[in-house]
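Trainee: Fold the following.
(2 chains)
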Amino acid sequence: DTAVSQTPKYLVTQMGNDKSIKCEQNLGHDTMYWYKQDSKKFLKIMFSYNNKELIINETVPNRFSPKSPDKAHLNLHINSLELGDSAVYFCASSQDGAGSDGYTFGSGTRLTVV
Amino acid sequence: ILNVEQSPQSLHVQEGDSTNFTCSFPSSNFYALHWYRWETAKSPEALFVMTLNGDEKKKGRISATLNTKEGYSYLYIKGSQPEDSATYLCASLRGANNLFFGTGTRLTVIP
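Mentor: Numbering: from 1, shown residues only, chains lettered A, B, ... in the order given. This next block holds a predicted model:
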């Protein structure tokens, strides 16, 4: 059983489209996150959710919106996709906001906007 | 230091050699320091989470130390093996849910 699963693994889409990436964790963790790996391979925090409440939202365009139907899911919706949105997006979860046991990451979704 | 910085960016060592790399982080608003191992085509996996100044943690041949006053952590690998080849990430937790990553040290162990 995959602890943190993301779908799809690959996503190719045209500029201007709206797309979603799904994330599910079966670890019973309280907090989930979305990270973006930029062109320099740098992992940058986008959002975190704790008990369905948005905790932080770094300087991310409002075209990106997290949706959490329950504690085990944190989906990422992206509207009006732009070329610069092409990246690998990682979902992660942790037992608590301090990540006392570390974060558990999904395998990533490679988004390509053409 | 404003961001998390890691050095060197990449490193090649011979099998059997011991090695170490550095993570520097802002010492203000410090909550915890994480180390992750990231193999190609896989997800980052947590190695250590350290919170206290002077902390030392060990897992097999890998160990880490933490100095929160001066803002640095070292990761050591004793007797490197080819399966240790990966990118090693450190990340500084500044406030709950606020984990900032460095760009990693890419280690290649040559058989």
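Trainee: For A:Ser100, which non-adjacent residue is closest in space?
Mentor: B:Val49 (6.2 Å; Cβ to Cβ, 6 or more residues apart in numbering or on different chains). Backbone N, C-alpha and C define where each C-beta goes, glycine included.
Trainee: The lowest-mean-pLDDT helix or strand in chain B: partners in the sheet, and parallel or antiparallel?
Mentor: When the helices and strands of chain B are scored by mean pLDDT, DSSP states H and E, strand B:99-101 comes last with a mean of 90. Strand B:99-101 has the following sheet partners, assigned by DSSP bridges: strand B:86-93 (antiparallel).
Trainee: quick one: average confidence on the partner strand?
Mentor: Regarding strand B:86-93, the rounded mean pLDDT is 95.
Trainee: Show me the beta-bridge partners of B:Leu75.
Mentor: Bridge pairing for B:Leu75 - DSSP bridges - gives B:Phe21, B:Ala64.
Trainee: wait, isn't it in contact with B:Leu89?
Mentor: No. Assessed by Cβ atoms under 8 Å, B:Leu75 is found out of contact with B:Leu89, at 10.0 Å.
Trainee: Residues in contact with both of those two, list them for me.
Mentor: Common contacts of B:Leu75 and B:Leu89, defined by Cβ atoms under 8 Å, 6 or more residues apart in numbering or on different chains, comprise B:Trp35.
Trainee: related to what we said a few turns ago, give me the distance from the least confident helix or strand of chain B to the chain's centre.
Mentor: Chain-centre distance of strand B:99-101: 12 Å, with Cα atoms, centre = their mean, to the nearest Å.
Trainee: Give me the contacts around it.
Mentor: By Cβ under 8 Å, 6+ apart, the residues outside strand B:99-101 that reach it are A:33, A:35, A:42-45, A:99, A:103, B:3-4, B:25, B:34, B:89-94.
Trainee: give me the residue from chain A nearest chain B.
Mentor: Using Cβ to the nearest Cβ, A:Gly102 is the residue of chain A that sits closest to chain B, at 2.5 Å.
Trainee: Quick check: closest non-adjacent residue to that residue.
Mentor: Spatial nearest neighbour of A:Gly102, excluding adjacent residues (Cβ to Cβ, 6+ apart): B:Ala46 at 2.5 Å.
Trainee: still on that earlier bit, residues contacting the residue of chain A closest to chain B?
Mentor: The neighbours of A:Gly102, taking Cβ under 8 Å, 6+ apart as the test, are A:Ser94, B:His34, B:Tyr36, B:Ala46, B:Leu47, B:Phe48, B:Val49.
Trainee: Try it again at 6 Å.
Mentor: B:His34, B:Ala46, B:Val49 (Cβ atoms under 6 Å, 6 or more residues apart in numbering or on different chains).
Trainee: The first one contacts B:Met50, correct?
Mentor: Same thing as B:His34. No. Counting by Cβ atoms under 6 Å, B:His34 stays clear of B:Met50, with 7.9 Å between them.
Trainee: Pick out whichever of these two has more residues nearby.
Mentor: Neighbours were counted for B:His34 and for B:Met50 using other Cβ atoms under 10 Å in any protein chain shown; B:His34 has more, 26 against 19.
Trainee: in which helix or strand would I find whichever residue of chain B sits closest to chain A?
Mentor: Residue nearest to chain A within chain B: B:Ala46 (2.5 Å; Cβ to the nearest Cβ). In this assignment (DSSP states H and E), B:Ala46 forms part of strand B:45-50.
Trainee: quick one: strands adjacent to the next helix or strand after that strand?
Mentor: Downstream of strand B:45-50, the next assigned helix or strand under DSSP H and E is strand B:56-59. Here strand B:56-59 is paired, per DSSP bridges, with strand B:62-67 (antiparallel).
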